[in-house]
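*Asks:* Following is a predicted model, sequence given first.
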Amino acid sequence: MGITDTGAAIFRKRPVQIWALQWTENTSMQNMIDFANGLVKLNDVDGLFFVYDRLHDTWVQFEWNDWIIKGIQGEFYPCKPDVFQAAYERV
């Protein structure tokens, strides 16, 4: 059971713990800069925010209320609030 004729199988993602910080209008820029080890560009005047994803060697744009996640390899990436709420719970 769980294996198809093609050899594909069903897998479950292992539970991992991550660090995350939500970017809101109440989050200080310094807190976000410290959390992301300086790998962010924050322009609140124009509403342009980017975090550097070093695994893919690119800057990824994020928006107000997005969560910035520090992944298991130390990478940073944004996650929309609804996806974050569905996938993660506070430890």
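*Replies:* Ah, there it is. Predicted, not measured: the structure shown is a model, and the values here were computed from it.
*Asks:* Just to be sure, His7 is in a helix?
*Replies:* Not quite, residue 7 is Gly, not His. No - membership of Gly7 in a helix is not supported by DSSP: H, G, I helix; E, B strand; the rest coil, which gives coil.
*Asks:* Let me know the pLDDT of it.
*Replies:* Gly7 carries a pLDDT score of 87 in this model.
*Asks:* ok, now Val16?
*Replies:* Here, the pLDDT recorded for Val16 equals 88.
*Asks:* wait, isn't Ile33 in contact with Leu42?
*Replies:* Yes - between Ile33 and Leu42 a contact is recorded at 7.3 Å, counting by Cβ atoms under 8 Å. The C-beta positions use only the backbone N, C-alpha and C, and glycine is treated the same way.
*Asks:* So between these two, which is more surrounded?
*Replies:* Ranked by neighbour count (other Cβ atoms under 10 Å), Ile33 and Leu42 place Leu42 first, with 17 against 14.
*Asks:* starting at the chain centroid, how far to the helix or strand containing the more buried one?
*Replies:* Taking DSSP states H and E as the definition, Leu42 sits inside strand 40-43. In this view, strand 40-43 has its centroid 15 Å away from the chain centroid, taken as Cα atoms, centre = their mean, to the nearest Å.
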